Structures are given as structure tokens and as C-alpha cells.
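Visitor: Generate a structure from the sequence data that follows.
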Amino acid sequence: MEKIISEAAEKLKALDFKLTARREMTLRVLLENRDKHLSAEEVYNLVKLEAADVGLATVYRALELFQELGLIRAIDFGDGRKRYEYGIEDDSDLHHHHLICTKCGRIIEFNVDLINEIESRIKREHNFTMTSHQLKIFGICSECSGK
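Guide: Alright, predicted model coming up:
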């Protein structure tokens, strides 16, 4: 985790930004919760546990900055709220997909490359090079279907 924090600080410094204490706390919350897809409010509530005087706007600004730098991704799972996850774009992220339960809201990640053929066809037919994609599949999870 410290290596990631250090790399983030260097990336910020290169663009004339600083890794302030509040920004670092925000990044740490995302890193400590890599298995979750946290909303800005959830990130804020977790940061607030460490820094009671932090403002929601400060967390929002940090999240937007981290997103602009490619340190995190914002994903909309159809509930009208952005959710954030740590992840620097690389080839392994191209196969990062989500199953979303429409009953309970549970989000299940899966890493299977499903669109190689589609990517090739898009390249061939439209001369368009895909650099990233997101696949969100909506349905009912096993826990809800058993209810």
C-alpha cells in the first residue's frame, strides 16, 4: 500500500498537486476497501472516522482528482450514484466486469475476457481501437433468487 501511496504522490507532484493528508486518507480508504464499490458518501464516512473535521466537498474533490489521474475509476451501476474503485488502467483491467443484483444491489466482480471477438470486429469494421470497456450485467443474485 505504501508503494501505491508514494506513486500517487509522485504523480500528483508531477502535475503540481500535493498529496495532502486528506487526499492520502481518501486514497487509503479506497485501497483498504478494494473489494467494495464505495460511493463518495461512503468514502467520506470512512475518512471522517480518521479525521472528524473533513468535509464532504474535500472528499469529492480528491475523488475527482484521483479519477482524472487514472488512479481510480468511477462506475455507475444504475442506481444514480457513482461508485469508486481503486485501479490503474492496464491490460488486466480490460477483463474486469460486474454482476449487479437488481433486488439487493449486491455487486459481484468477475474477470473473464468476453469481448475479444467484439473488439476485433469493432476494429475491423470501424477502424476503432478499444482501450477499455466496462461490462455490467443486471439480474438476480443467488441469495435473492432463493428468497
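
Visitor: Domain parsing of the chain, as residue ranges.
Guide: 2-86, 91-142 (automatic domain parsing).

Visitor: Wait, a strand at Glu85?
Guide: Yes. Counting by DSSP: H, G, I helix; E, B strand; the rest coil, Glu85 is located in a strand.

Visitor: That one - how many residues pack around it?
Guide: 20 (other CB atoms under 10 Å). In short, each C-beta sits where N, CA and C put it, glycine included.

Visitor: in this protein, which spans are strands?
Guide: Applying DSSP state E to the chain gives strands spanning 38-39, 72-76, 82-86, 97-101, 107-110, 136-139.

Visitor: ok, back up a step: if you compare the domains of the chain, which one is most tucked away?
Guide: Among the domains of the chain, domain 2-86 has the highest mean neighbour count (mean count of other CB atoms under 10 Å), at a mean of 16.

Visitor: Which residue ranges of the protein form helices?
Guide: Residue ranges of the helices in the chain, as given by DSSP state H, are 2-14, 21-32, 40-50, 56-68, 116-126, 142-145.

Visitor: Now do the contacts for the residue minimising distance to the centre of the chain.
Guide: Residue closest to the average C-alpha location in the chain (CA atoms, centre = their mean): Glu85, at 2.4 Å. If you count contacts by CB atoms under 8 Å, 6 or more residues apart in numbering, Glu85 has them with Leu30, Arg34, Lys36, His37, Leu38, Ile72, Arg73, Ile75.

Visitor: Next one, pLDDT for the residue nearest to Leu99 when sequence neighbours are not counted please.
Guide: In space, and not counting its chain neighbours, Leu99 is closest to Ile108: 4.2 Å by CB to CB, 6 or more residues apart in numbering. Per-residue pLDDT puts Ile108 at 83.

Visitor: you'd agree Ile108 is up against His98?
Guide: Yes. Under the criterion of CB atoms under 8 Å, Ile108 makes contact with His98 at 7.0 Å.

Visitor: The worst-scoring helix or strand of the chain on mean pLDDT pairs with which strands?
Guide: Lowest mean confidence among the helices and strands of the chain (mean pLDDT, DSSP states H and E): strand 107-110, at a mean of 80. According to DSSP bridges, strand 107-110 has the following sheet partners: strand 97-101 (antiparallel).
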